[in-house]
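1. Just the structure for this:
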Amino acid sequence: MVSRQRERREQRPRHDHKSKTAYPHSHSREILASCVRHRRTLEFARRVHCPALILQGGMDLHVPMRSAERIAAAMRSNGNSDVTVRIFPGVSHPMLPDPIGLSSGWVLLPAFLTSSPVLDLMAHWAAEKLRTASLR
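-> Numbering: from 1, shown residues only. Below is the predicted model of the structure:
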């Protein structure tokens with residue numbers, strides 16, 4: 001039984017991760033999965049009723065720029081009026097400096113962590129939300 005499973009697995013074409021030749025429809029599946037995830041993201045966003053901070057890097061190559069505003073709109077559509085969106089120009093998906101879009105921000109990570117506009121905004125936003133919550 002185990003040897004038959006191994007034999008079948010070895011007969012499958014291998015995906016080389018550089019092209020879509022091994023599985024001709026794998027790209028279609030990726031696109032479909034992305035659409036399903038996106039739809040679920042917006043459905044989830046509509047159920048968020050607490051303060052929300054949405055951050056996006058202006059050089060994010062993984063998430064389209066319009067996604068931050070769409071998620072915020074979905075949150076607001078169900079009555080959440082406390083949604084903040086901030087776009088950071090020259091910042092990549094992991095919120096690291098990346099002025100030219102080459103994901104080279106990892107080299108600048110130590111300096112970025114000691115003087116980060118992203119971390120500063122997050123800290124100020126959280127402090128303000130805690131302050132206003134304690135006044136209620």
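2. In the chain, where is pLDDT below threshold?
-> Scanning the chain with the threshold set as pLDDT under 70 gives 1-38, 101-115, 136.
3. show me where it has helices.
-> Under the criterion DSSP state H, helices of the chain are mapped to 2-11, 26-46, 66-77, 109-114, 117-135.
4. Quick check: buried residues in the last one?
-> Spelled out, that is helix 117-135. 118, 125, 129 (16 or more other Cβ atoms under 10 Å). Heads up, the C-betas are built off the backbone N, CA and C, glycines and all.
5. Does the last one touch residue 51 like I think?
-> Yes - Residue 129 sits in contact with residue 51 when judged by Cβ atoms under 8 Å, with a separation of 5.0 Å.
6. quick one: residue 44 and residue 63, what's the gap?
-> Residue 44 sits 15 Å away from residue 63, going by Cβ to Cβ, to the nearest Å.
7. Next: residue 116.
-> Taken as Cβ to Cβ, the span from residue 116 to residue 63 is 19 Å.
8. Compare neighbour counts for these two and give me the winner.
-> Each of residue 116 and residue 63 has its neighbours counted (other Cβ atoms under 10 Å); residue 116 has more, 18 against 13.
9. What separation do you get for the more buried one and residue 64?
-> 24 Å.
10. Ok, residue 54 next?
-> Separation of residue 54 from residue 64 (Cβ to Cβ): 13 Å.
11. Neighbour count: these two, which is higher?
-> residue 54 (17 against 11).
12. Make sure that one is actually in contact with residue 71.
-> Yes - between residue 54 and residue 71 there is a contact at 5.9 Å, judged by Cβ under 8 Å.
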